[in-house]
Structure formats: structure tokens, C-alpha cells
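Engineer: Predicted structure and sequence below. I'll ask about it afterward.
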Amino acid sequence: MSVRSHDPEPAHAAMRRATQAWARADARLADAIDDLFLPEDSRLNDQVRARVTQTLAALVAGIETDLRRHAARVLVGTGDTARAEALLEHGDVFARLARAGLLRDVDLLDELLARVQLDLMADALPATPIVADVPSLLVRLTEVPDRVVAKAAAALLAANSRRRSANEAGTVEPCALPADVQHRLVWRIAAALRDGDDASADRAIAQAAVRSLAAYDEDDRPEGVAMRLARAIDARPAELAPLLLEVLGDRSLTLFAAVLTHALAMDHDQLRAMVVEPEGERLWLALRAVSLDRETIARVALALSEADPRRDIEAFADRLDAVAAVPAEQARAALAPFALDRDFRAAMAALARSERR
């Protein structure tokens, strides 16, 4: 088979592909250079990278399937079976969103990274029950006379079970993201489902997206349920140390973060970020802000160092006396900005950046 030399189309196509390959090579080199000089403490390990990638893909696939199915039902209801069948054929939604940069959402990736790191740390925590052969704290809380506490504890057990099962299956539980992040992701996936300009299909996809968002309740996430339980327990200052240590012994870092969040009246996402930071400097400040003593802080640090190999427990031991000497009032004052509304903090940070230029 020969190609006519005077036909411009093959030549144009070859030139276009060569130009695209050149751009890809430049981008690949730039990414490799960035990776080469990435600080070690900013580099994701293979386990975190794989789990985040898997979770993101599962999130997109789950929402995509839900939208396709309901949109197809809408089209079948109008008698448009052909369009419904075409919509049920899965395409390259994840790849399309990735190429468009729509998965490089800071809030989405911040949530997934923090969640994955916290889950992996919780799995690696040593199980150290306060008393041998006694049920875990959560199980005991489901049996207390306070119905509010018992109900919240049972809900957290169920939410943790759903997440654990989803992680083991490589899927994602129904409510996995904060509502605003879920909202953006659903509409982006809906847009990626479109195939040309088709008003009927667009209306069906939009209906499916609205239905999906109407059924979404972020309070069903383990983080939301843990906050409900922390508020129900409402631990007094003298109760915080034994409660936090027992929660760690149960390997429940989500509840650990929630109890501290409630005690400090802080933003949960900020407190969770403090828990997963390998340096721990802000977390030690948070522990001092609720007046935890030297021994309790040391026990928390030791447990977290066993769960996260990035933590240098010997270096922390050298700083422990200095940490324990920080007055609680001074620690609370340093953390005060984190108790402000998240959007307020973001606006203040943006203003400060602009004024430094």
C-alpha cells in the first residue's frame, strides 16, 4: 500500500503528532526535574500515592456510574432508548478530566491525602487497650445510658466499617467528601459525560447530577459522625487525657482528631492536618492548649511514631521538656487563628500574600 506524496493530510497529521510528542517530552522533562528536586519530606511514598490514586479513580468511577444509570433511566422514560443505551457505555471520563486539569483540585486532593494518610497511620497504630479483654471504647459507648452518645458511637462504628470495607475492596463509601468538594466533582463528571451537543442527553445528565447531590449527606462521613460523637461526649478538661489515650489505644485517629477539634473549637480539617504532619510541632501545641501534661504528650508522640516512620521520636524526646513547658494560655493564643471560619482564614492569607508583593 502506498501513500500519495501529493496528499497533504498524512503529512499534516504526522507533523501534528510530532509537535504533540515534542510538547509531551518537554512536559515530561519538567515533571522529572520537579520530582528530582522535591524535598524528601514533601515526597509521597508509594503506598500513599497508590492509595490516593486508587481512591480518586474509584470516586470518579462511582459517581460516573450513578450519573449514567439515572440519566439513562430518564431517557428511557421519554422513550429515547437509543440515547439511553449510548449513555450507558462507559468512556474515558477519568482521563478526560485529568487532561483538562479538573482533578487537580486543591481541596479534593487535600482531603484525599489527609484521609489516606490518617487511615494508613490508624492501621499501623499499636493496639493497646487500657484493660485486657475489655471491649473497645466505641463498643462500650454504644451501651451507655446516654442515648445521644450511644447513638453517635453506633453510627461511628458503622461509618468506620463502611470505609474499611471500601478500602479493602478498592472502592469508596457513598459519602466520602465534604459537600462543596463533592458538588464540584459531580458537575465536572457530568460535563465529561457529554458527547457533543445533545439537549435531551444534557437534560438527563443534569437531572441525574441534581438527584445525586440531593441525596448526599456529608454528615454520614466518619469525620462528621466522629464530630457528632465528640460533641455528645463533651469531655471535661480532666477527662481529655485518659479519653485521648484510650482512643489511640483503639486505633481511632478520626475520633482522636474529633475530640481535640471539639475541645479547641477548631476546624476539623486543620486539626487532622496537624495529626498527619510528621514534625508534629502544631499537634504538640494543640495538646498543650488543652493542658495535657508531659507524660500524656510523650505517650501520644510514641504511639504516633510507631504508626508513622517519618517521625523522629528521639529528636522529639530532646524537645519534650520545652513542649511541656509551653503555658496552655500561650498555646491557645497561637492556635486562635485556626478557630476562625475557613473562608475567613483563606481571605486573610490571600490578602497577606498580596501585601507582601
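Structural biologist: Perfect, I can see it now.

Engineer: Can you give the distance of stretch 256-264 from its chain's centre?
Structural biologist: Offset of stretch 256-264 from its chain centre (Cα atoms, centre = their mean, to the nearest Å): 18 Å.

Engineer: now swap in stretch 247-260 and tell me
Structural biologist: 17 Å.

Engineer: One more: stretch 314-322?
Structural biologist: Taking mean C-alpha positions (Cα atoms, centre = their mean), stretch 314-322 and its chain are 30 Å apart.

Engineer: Return the set of buried residues in that stretch.
Structural biologist: For stretch 314-322, burial by neighbour count (16 or more other Cβ atoms under 10 Å) applies to Phe316, Leu320. Every residue, glycine included, has its C-beta placed from N, CA and C.

Engineer: Is there a neighbour count for Ala98? I'd like the number.
Structural biologist: Residue neighbour count, defined by other Cβ atoms under 10 Å, stands at 15 for Ala98.

Engineer: can you check Ala339 too?
Structural biologist: Ala339 has 14 nearby residues by other Cβ under 10 Å.

Engineer: For it, grab phi and psi.
Structural biologist: Torsion angles at Ala339 (phi, psi; degrees, to the nearest 10) stand at phi -90, psi -10.

Engineer: Hmm, Leu271 and it touching each other?
Structural biologist: No - using Cβ atoms under 8 Å, Ala339 is not in contact with Leu271; the gap is 10.3 Å.

Engineer: what do the two both touch?
Structural biologist: Leu264 (Cβ atoms under 8 Å, 6 or more residues apart in numbering).

Engineer: chain center to stretch 109-118, what's the gap?
Structural biologist: For stretch 109-118, the distance to the chain centre is 4 Å (Cα atoms, centre = their mean).

Engineer: List the buried residues in the helix or strand Pro10 falls within.
Structural biologist: Assigned by DSSP states H and E, Pro10 falls within helix 8-36. Neighbour counts over helix 8-36 (16+ other Cβ under 10 Å) mark no residue as buried.

Engineer: Over to stretch 322-339?
Structural biologist: Val323, Ala324, Ala331, Arg332, Leu335, Phe338.

Engineer: With stretch 229-244 instead?
Structural biologist: For stretch 229-244, by 16+ other Cβ under 10 Å, it's Leu229, Ala230, Ala232, Ile233, Ala235, Leu240, Ala241, Leu243, Leu244.
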